[in-house]
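> based on what follows, work out the 3D shape:
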Amino acid sequence: CKDIDDALHVRPLPNGHYEVGVHIADVTHFLRPGTAMDDEAARRATSTYLVQRRLDMLPKPLTEDICSLRGGVERLTFSVVWEMTPEAQIVSTRFTRAVIRSREALTYQQAQMRIDDPSMTDELTESLRVMNSLAKHLRRQRAERGALSLASPEVKFTLDTSTQDPLDVGMYQLRETNA
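Model prediction:
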């Protein structure tokens with residue numbers, strides 16, 4: 001994936017709670033109101049995902065380079081930062097613009113493999129395990145409050161490279177990291 005538009009962080013706090021952050025790439029810094037690019041983005045409204053193809057709302061240099069939250073590069077974000085208990089009870093919430101430097105860009109599969117591998121004990125993997133634990137608490141709390149589960153299976157197609165005709169259809173595997 002080239003257009004990494006979100007990032008997460010977690011760090012322990014001295015009081016036993018966690019600071020948890022969700023960071024979304026800030027394209028508005030580069031996309032000024034009333035410009036041709038802004039008008040076109042408004043017309044498209046969203047990126048559209050098709051079989052092995054997508055129609056981007058914004059130009060690729062913006063989404064895949066300038067704003068992409070790739071590892072090791074400082075990027076502008078809109079962020080929400082929570083203080084949470086280990087049981088994922090929210091103590092405080094803060095919204096801010098920020099500059100972040102992601103440590104790593106992981107796929108859901110890579111993150112799940114790190115979480116599941118008991119021999120991995122580095123700081124990044126331990127952070128993933130904490131986030132996974134908090135996510136489990138949050139999903140359970142949502143279910144207990146009666147939240148609907150509207151997720152449906154996502155399919156993937158294998159296409160013939162020359163004709164683009166479908167050759168096979170399969171399901172994306174749901175993991176804890178993308179559930």
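> Lys148 should be in a helix, yeah?
For residue 148 the amino acid is Leu, not Lys. No. Looking at Leu148 with DSSP: H, G, I helix; E, B strand; the rest coil, it is coil, so not inside a helix.
> which residues of this protein fall in helices?
36-44, 60, 108-116, 123-144 (DSSP state H).
> pLDDT below threshold where in the protein?
1-2, 151-152, 179 (pLDDT under 70).
> repeat the analysis, applying 90 as the threshold.
1-4, 29-30, 44-60, 62-64, 107-108, 147-179 (pLDDT under 90).
> which residues does Val155 contact?
By Cβ atoms under 8 Å, 6 or more residues apart in numbering, the contact list for Val155 reads Val169, Gly170, Met171, Tyr172. Using the backbone N, CA and C atoms, a C-beta is placed for each residue, glycine as well.
> could you measure from it over to Gln164?
According to Cβ to Cβ, to the nearest Å, Val155 stands 16 Å off from Gln164.
> now swap in Tyr108 and tell me
Where Gln164 is concerned, Tyr108 sits at a distance of 26 Å (Cβ to Cβ).
> who has more neighbours, the two?
Shown here are Tyr108 and Gln164; by other Cβ atoms under 10 Å, Tyr108 has more neighbours (15 against 11).
> hang on, that one packs against Arg175?
Yes. Tyr108 lies in contact with Arg175 (Cβ atoms under 8 Å); the separation is 5.7 Å.
> just to revisit the earlier point, so which of the contacts of Val155 is the closest to Arg43?
Of all the contacts of Val155, Tyr172 has the smallest distance to Arg43: 29.7 Å, by Cβ to Cβ.
> burial measure for the nearest residue to the closest one once chain neighbours are set aside, as a count.
Spatial nearest neighbour of Tyr172, chain neighbours left out: Glu154 (4.4 Å); criterion: Cβ to Cβ, 6 or more residues apart in numbering. Using other Cβ under 10 Å, Glu154 has 11 other residues around it.
> quick one: the strands in this protein, in order.
6-12, 18-25, 48-50, 53-55, 74-84, 90-101, 155-159, 166-171 (DSSP state E).
> what pairs with the third one, parallel or antiparallel?
Applying DSSP bridges, strand 48-50 is found paired with strand 53-55 (antiparallel).
> buried residues in the partner strand?
Across strand 53-55, burial judged by 16 or more other Cβ atoms under 10 Å covers no residue at all.
> then stretch 67-87?
Judged by neighbour count (16+ other Cβ under 10 Å), stretch 67-87 contains these buried residues: 67-70, 75-79, 81-84.
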